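1. below: sequence and its predicted model.
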Amino acid sequence: VTERKYAEEALLKSEAKYREIFENIQDAFYEVTLDGVVIEISPSFNILSKGQYTRDDLIGKHLSEIYANYSDRAVFLKELQLKGSVNDYEIDLKNRDGSIIPCSISSRIQFDVNGNPVKIIGSIRDITERKHAEKELIKLTTAVEQSANTIIITNVEGEIEYTNPIFTELTGYTAEEAKGQNPRILNAGTHNSEYYAEMWKTILDGKIWKGEFHNKSKNGDLFWEQVTISPVKDKEGKTINFLAVKEDITAKRNAEQVLKESEEKYRTMIETSNDMIWILDGSGNFTFLNKQTEETPD
């Protein structure tokens, strides 16, 4: 009798412990019949539904009342019957006011001692924040993938982990070829070692570096890039990656060089001319005199 009493007390303590967990855990735990009628559901569903459903509101009700699209459950049940359990199955629930709650359901079929299925038990988790984060990630990924600028992400050792499509278009290296490589594979040899040392010192100090690179593509074509390299930091402020955003400025530099050469050519012609050449502003003041004008007496 004493042993039985101890066993009963232990069972009561265990039941109380799990009841406490059941009533206070963040996820909503539930039991439903094979037909989808709610047998039991934890009070936390009230929090999940933003206060629109209590435990008593749902017990004895059919799940079709809270599924945004009940046909989704048919797909879920088919998978559950095939596997016996399903984890992290995404489904939308609806509130009384018509608002949608993105949820993740993990369930399994419970069998009796004879191996016959008797009910479905599982948990429901609100994944609103996760779905929001996924949407934000999709937007950011799309922006990066479609950017007109080259984007490279390296680890702290400088090994390439990611390149966007414009990188391949400009350099000729595929993302697979570039992954694990150092960006120095593009180095055209114009800049000295001190130039790159200063760049590394800046970004390793956690600062943003801006400058220009003269690079060479896979087929040997030379090009210039305007570059901004930023450290990527974790929540603790530790640098975990480097992000390089690079704009192809080859055409701009070529145009500047042509303009510079043209300016030097005409300046030389004017300075060496035997004619006197000057420019006056609207007030009659000289703004330019060539050498011949300066040397000729009034």
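-> That came through, no problem. Numbering: from 1, shown residues only.

2. and the strands in the stretch 1-150 of the chain?
-> Secondary structure of the stretch 1-150 of the chain (DSSP state E, counting those that start in this stretch): strands located at 28-32, 38-41, 85-94, 100-111, 117-126, 150-154.

3. what is the mean pLDDT for the fifth one?
-> Pointing back at strand 117-126 there. In this model, strand 117-126 has a mean pLDDT of 91.

4. same check on the second one?
-> On average, the pLDDT along strand 38-41 is 91.

5. same check, this time on the last one
-> Regarding strand 150-154, the rounded mean pLDDT is 96.

6. for it, which strands pair with it and how are they oriented?
-> As defined by DSSP bridges, the strand partners of strand 150-154 come to strand 160-163 (antiparallel), strand 239-248 (antiparallel).

7. those strands: which one's closest to Tyr89?
-> Tyr89 lies closest to strand 160-163 among those, at 30.4 Å (Cβ to Cβ). In this view, the C-beta of every residue, glycine as well, is placed from N, C-alpha and C.

8. buried stuff in the closest one?
-> 160, 163 (16 or more other Cβ atoms under 10 Å).

9. ok, residues contacting that strand?
-> 150-155, 173, 175, 178-183, 241 (Cβ atoms under 8 Å, 6 or more residues apart in numbering).

10. and the next helix or strand after it, C-alpha only, in CSV?
-> As assigned by DSSP states H and E, the chain's next helix or strand after strand 160-163 is helix 165-171. Output of helix 165-171 as CSV, limited to C-alpha atoms (Å, rounded to 0.1, in the frame of the first residue of the first chain):
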residue,chain,number,x,y,z
PRO,A,165,25.2,37.9,-61.4
ILE,A,166,26.8,41.2,-62.6
PHE,A,167,30.1,40.0,-61.2
THR,A,168,30.1,37.1,-63.7
GLU,A,169,29.0,39.5,-66.5
LEU,A,170,31.9,41.8,-65.8
THR,A,171,34.7,39.4,-64.8
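
11. please spell out which residues along helix 165-171 are buried.
-> Within helix 165-171, the residues that count as buried by 16+ other Cβ under 10 Å are 166-168, 170-171.

12. what's the answer for stretch 188-205, then?
-> In stretch 188-205, counting by 16+ other Cβ under 10 Å, buried: 199, 202-203.

13. residues in contact with Phe213?
-> Phe213 neighbours (Cβ under 8 Å, 6+ apart): 186-187, 191, 224-225, 227, 246.

14. redo the strands paired with strand 150-154 as CSV? Include mean pLDDT and distance to Tyr70.
-> Below are the strands paired with strand 150-154 laid out as CSV (pLDDT from 0 to 100; distance: least, Cβ to Cβ, whole Å):
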stretch, mean pLDDT, distance to Tyr70
strand 160-163, 96, 41
strand 239-248, 96, 44
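
15. so which of the ones you listed is nearest Arg4?
-> Closest approach to Arg4 among those (Cβ to Cβ): strand 239-248, 59.0 Å.

16. the closest one: what's the following helix or strand?
-> Following strand 239-248 in sequence order, the next helix or strand is helix 250-271 (DSSP H and E).

17. hmm, back to that, okay, the strands paired with strand 150-154 in TSV with distance to Ser44 next?
-> Output for those, formatted as TSV (distance: least, Cβ to Cβ, whole Å):
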stretch	distance to Ser44
strand 160-163	39
strand 239-248	35
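
18. center of the chain - which residue?
-> Leu137 (4.3 Å; Cα atoms, centre = their mean).

19. separation between that residue and Ala143?
-> If you measure Leu137 against Ala143 using Cβ to Cβ, to the nearest Å, the figure is 11 Å.

20. neighbours of Arg96, how many?
-> 12 (other Cβ atoms under 10 Å).

21. now do the phi/psi pair for it.
-> phi -60, psi -30 (degrees, to the nearest 10).

22. export the strands of the stretch 1-150 of the chain to JSON lines and tack on distance to Asp234?
-> Converted to JSON lines, the strands of the stretch 1-150 of the chain look like this (distance: least, Cβ to Cβ, whole Å):
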{"stretch": "strand 28-32", "distance to Asp234": "32"}
{"stretch": "strand 38-41", "distance to Asp234": "38"}
{"stretch": "strand 85-94", "distance to Asp234": "25"}
{"stretch": "strand 100-111", "distance to Asp234": "26"}
{"stretch": "strand 117-126", "distance to Asp234": "25"}
{"stretch": "strand 150-154", "distance to Asp234": "14"}
